[in-house]
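Chemist: got a structure for you, letters missing:
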């Protein structure tokens, strides 16, 4: 059931806020709706997905940030200890950003794609290989892909290392790169990236285990 937001609830804005009267970022709003203590790091959302949401919130322009609001309920209760979640989020970020970011960022993101695929195969107990989305993204940047294959040949990435360092770095690089890319609508790409990342985690968690709440929001200021 949809309704109007309470007057005290702020519209989305960039950065961290001490309380709702000062404004709210995406994840602070999520903490409010989840009934948690006011925080941009609430327990209700997978940590890396929450990190992506904070970045997308901050790198989306003021004109389009309110369009993120309908996604907020979908991250509430969306958390899991499955280590594949971090890999899936990072892989989605890298493959989305790789074809559109500046050339200097493509090298690092191409390496991230290969590393994520390797770790994912290890977690799933199968031989390493590229999923179609990864192959397609790499095919669009052949020079970066060639360099990444050469770089990766002498580097080993552990599950723990990828989850702790590579995954969050990949997400940050991807979001920042998309926001600065020479494309028609970087805000749309960022919103779609967050949406698809939410879907990735939901697929691992299972719809029946996720609580979501409907949200009506005001598009204007």
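Modeler: Ah, there it is. Fair warning: this is a prediction, and the values are worked out from it, not measured in the lab. Residues are numbered from 1 along each chain as shown.
Chemist: Quick one: neighbours of residue 143, just the number.
Modeler: 11 (other CB atoms under 10 Å). C-beta: built from backbone N, CA, C; applies to glycine.
Chemist: Looking at it now. What's its pLDDT?
Modeler: With respect to pLDDT, residue 143 scores 97.
Chemist: Ok, residue 215 next?
Modeler: 43.
Chemist: go on, the one 5 residues further on?
Modeler: If you check residue 220, the pLDDT there is 36.
Chemist: low-scoring stretches of the chain, by residue?
Modeler: 1-10, 154, 207-221 (pLDDT under 70).
Chemist: Next, give phi and psi for residue 24.
Modeler: phi -150, psi 140 (degrees, to the nearest 10).
Chemist: How about the contacts made by the residue most central in space within the chain?
Modeler: The centroid of the chain falls nearest to residue 52 when counting by CA atoms, centre = their mean (3.6 Å). By CB atoms under 8 Å, 6 or more residues apart in numbering, the residues touching residue 52 are 89, 93, 171, 175, 193, 194, 197.
Chemist: Can you point out the helix or strand that includes it?
Modeler: Element membership for residue 52 (DSSP states H and E) is helix 47-59.
Chemist: any idea which of the contacts of residue 52 has the most stuff around it?
Modeler: Result: residue 93 is most packed of these (other CB under 10 Å), 31 neighbours.
Chemist: residues in contact with it?
Modeler: 52, 170, 171, 174, 175, 193, 197.
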